[in-house]
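In: Fold the stuff below for me.
(one chain, ligands or ions: 1)
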Amino acid sequence: MPAPKNHLKAALAAKIPQFGIWVNLASPYSAELLSGCGFDWLLIDGEHGPNSIPTMLAQAQTIGQRTNTVVRIPVGETHRIKQVLDLGIQTVMVPMIESADHAAAMAKAMKYPPQGVRGLGASVARAADFGRVSDYLTSANAETCLILQIESRAGLAALPAILTLPDIECIFIGPSDLAADMGFPGNTEAPEVQAAIEEAMRQIIASGKAAGILTFDLARAKHYRDMGVTFLGVGGDIPLLLNAATALAAAVRI
Ligand SMILES: O=C(O)C(=O)C[C@H](O)[C@@H](O)CO
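Out: Numbering: from 1, shown residues only. Below is the predicted model:
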């Protein structure tokens, strides 16, 4: 029996737009609710959410197979990727990539030898159903999907070299951090920032890798989709709850 098929990886390879949202509440209960809302993926955020390996696991368990689970690790370190893959998460996002060397190290961390350096723990890992997925070791590499975040001027400078590397399925531009690094904190709409994002998107799409972005502006999301961007973050659990609750509280007083 092989590793489970990674449907998100397959869809990105087929250039089919995949819409999803950020999940920062760190709650298995709300993750389960969101898994049935119709998004193609949910991203459990270990960079800015109050998440640990056990809370990521609990959310992945309640999401199950209802939609694709992505985990963003807090920092690009090999052992963090190993822990998340062993949970059974097949798609990992790594923030703050600024060099081809770092990108290559992350790609190696996603794969078992000889392709990479992932440590062998399948016999005790949920990813391999605790050893019951008999062909896990020989099939897991084909199903992992790596999303690297470029979100600084240094990252943009390294982008052409990163795009030549194998085993990186998607490059995601982090608009907020990029805007801050370019001198426009909190202003992702600055024309300079948007121009840099669009130029990066063109390079990524031309390379054949999938391009990704997060925007809460639906018209802009559709614009990116029409450009060929396929990994599209269009919201987050915190803003959805915050905005709906705040609007309701205000509306009842009118
Ligand atoms: O720089 C960005 O933008 C990101 O990396 C996404 C964020 O962390 C964020 O906006 C989540 O809400």
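In: In the protein, which helix is the longest?
Out: Across the chain, the longest stretch assigned as helix under DSSP state H is helix 191-207.
In: Show me what that helix is packed against.
Out: helix 153-162, strand 170-173, helix 175-181, strand 210-214, helix 218-227 (3 or more CB pairs under 8 Å, 6 or more residues apart in numbering; DSSP states H and E). Any C-beta I mention is one placed from the backbone N, CA and C, and that applies to glycine too.
In: quick one, which of these is nearest to the ligand?
Out: Ranking the helices and strands packed on helix 191-207 by proximity to the ligand (CB to the nearest ligand atom) places helix 175-181 first, at 3.3 Å.
In: distance of Tyr112 from Ser99?
Out: Distance from Tyr112 to Ser99, counting by CB to CB, to the nearest Å: 24 Å.
In: of those two, who's got more company?
Out: Tyr112 (19 against 14; other CB atoms under 10 Å).
In: ok, so what distance separates the spatially closest residue to the more buried one that is not a sequence neighbour from the ligand?
Out: The shortest distance from Tyr112 to any non-neighbouring residue, by CB to CB, 6 or more residues apart in numbering, is to Arg118 (4.8 Å). Distance, Arg118 to the ligand, using CB to the nearest ligand atom, to the nearest Å: 25 Å.
In: ok, Arg118 touching Val84?
Out: No - Arg118 is not in contact with Val84 according to CB atoms under 8 Å; the separation is 10.9 Å.
In: Mind checking which of these two has more residues around it?
Out: Val84 (27 against 22).
In: how about that one, what does it touch?
Out: Going by CB atoms under 8 Å, 6 or more residues apart in numbering, Val84 touches 46, 53, 56, 71, 73, 92.
In: What about the second one, how many residues nearby?
Out: It stands for Ile53. 15.
In: who touches it in this structure?
Out: Each residue near Ile53 by CB under 8 Å, 6+ apart is listed here: 83-84, 87.
In: related to what we said a few turns ago, just the ones of the contacts of Val84 in strands?
Out: Under the assignment DSSP state E, the contacts of Val84 contribute 71, 92 to strands.
In: Which of the contacts of Val84 ranks first by neighbour count?
Out: Val71 (28 neighbours).
In: which residues does that residue bridge with?
Out: Ile44, Val92 (DSSP bridges).
In: For the residue in the chain that the ligand sits nearest to, give me its contacts.
Out: Closest contact between the chain and the ligand, by CB to the nearest ligand atom, is at Gly174 (2.8 Å). For Gly174, the contacting residues are 95, 149-151, 214, by CB under 8 Å, 6+ apart.
In: same deal with Arg72?
Out: Neighbouring residues of Arg72 by CB under 8 Å, 6+ apart: 43-47, 92-95.
In: Which members of the residues you listed additionally contact the ligand?
Out: Pro95 (CB under 6 Å from any ligand atom).
In: Now tabulate the contacts of Arg72 in TSV and tack on pLDDT.
Out: Output for the contacts of Arg72, formatted as TSV (pLDDT from 0 to 100):
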residue	pLDDT
Leu43	98
Ile44	98
Asp45	98
Gly46	98
Glu47	98
Val92	98
Met93	98
Val94	98
Pro95	98
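In: Please report how far the one residue sitting closest to the centre of the chain lies from Leu12.
Out: Nearest residue to the geometric centre of the chain (CA atoms, centre = their mean): Met93, 3.9 Å. With the distance defined as CB to CB, Met93 ends up 13 Å from Leu12.
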